[in-house]
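Chemist: Return a 3D structure for these sequence lines:
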Amino acid sequence: MNTITIESDELRKMMREIFIDVLTKRKDLIEDAVIEAIEDIGLGIAIEEGRTGEYTDTRMFTKKLDERIKKAK
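Modeler: Prediction:
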């Protein structure tokens with residue numbers, strides 16, 4: 001296997017070109033990553049807002065869930 005030596009500036013330039021190429025040709029990858037990040041942030045905010053320190057009984061939760069499912073049908 002051969003060893004290749006690249007100067008830092010040249011490597012930086014190559015990486016920049018590759019990054020720009022990916023951004024222009026594969027916009028779907030960036031779009032998916034941004035959407036996922038926004039969803040994660042939203043979920044995190046919802047979790048924080050929902051933390052009240054109060055908990056419900058599992059049976060009561062299941063009962064209410066079943067009631068709502070029956071109403072939806």
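Chemist: Rounded mean pLDDT for the longest helix along the chain, please.
Modeler: If you go by DSSP state H, the chain has its longest helix at helix 27-50. Averaged over helix 27-50, pLDDT sits at 91.
Chemist: Show residues contacting that helix.
Modeler: 22-23 (CB atoms under 8 Å, 6 or more residues apart in numbering). Placement of C-beta: from N, CA and C, glycine included.
Chemist: Just give me how far it sits from the chain centre.
Modeler: 5 Å (CA atoms, centre = their mean, to the nearest Å).
Chemist: Going along the chain from it, find the next helix or strand for me.
Modeler: helix 58-72 (DSSP states H and E).
Chemist: Now that following helix: average pLDDT?
Modeler: 90.
Chemist: what's it packed up against?
Modeler: On a contact count with 3 or more CB pairs under 8 Å, 6 or more residues apart in numbering; DSSP states H and E, helix 58-72 meets no helix or strand.
Chemist: residues in contact with it?
Modeler: Contacts of helix 58-72 (CB under 8 Å, 6+ apart): none.
Chemist: now that helix: how far from the chain's centre is it?
Modeler: 30 Å.
Chemist: Tell me which residues of it come out buried.
Modeler: The neighbour-count check on helix 58-72 (16 or more other CB atoms under 10 Å) flags nothing as buried.
Chemist: and it, C-alpha only, in CSV?
Modeler: The C-alpha trace of helix 58-72 is given here as CSV (Å, rounded to 0.1, in the frame of the first residue of the first chain):
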residue,chain,number,x,y,z
THR,A,58,-50.7,2.4,34.6
ARG,A,59,-54.2,0.9,34.8
MET,A,60,-55.8,4.4,34.7
PHE,A,61,-53.7,5.3,31.7
THR,A,62,-54.6,2.1,29.8
LYS,A,63,-58.3,2.6,30.7
LYS,A,64,-58.3,6.1,29.3
LEU,A,65,-56.4,5.1,26.2
ASP,A,66,-58.9,2.2,25.5
GLU,A,67,-61.8,4.7,25.9
ARG,A,68,-60.3,7.1,23.3
ILE,A,69,-59.6,4.2,20.9
LYS,A,70,-63.2,3.1,21.2
LYS,A,71,-64.5,6.6,20.6
ALA,A,72,-62.3,7.0,17.5
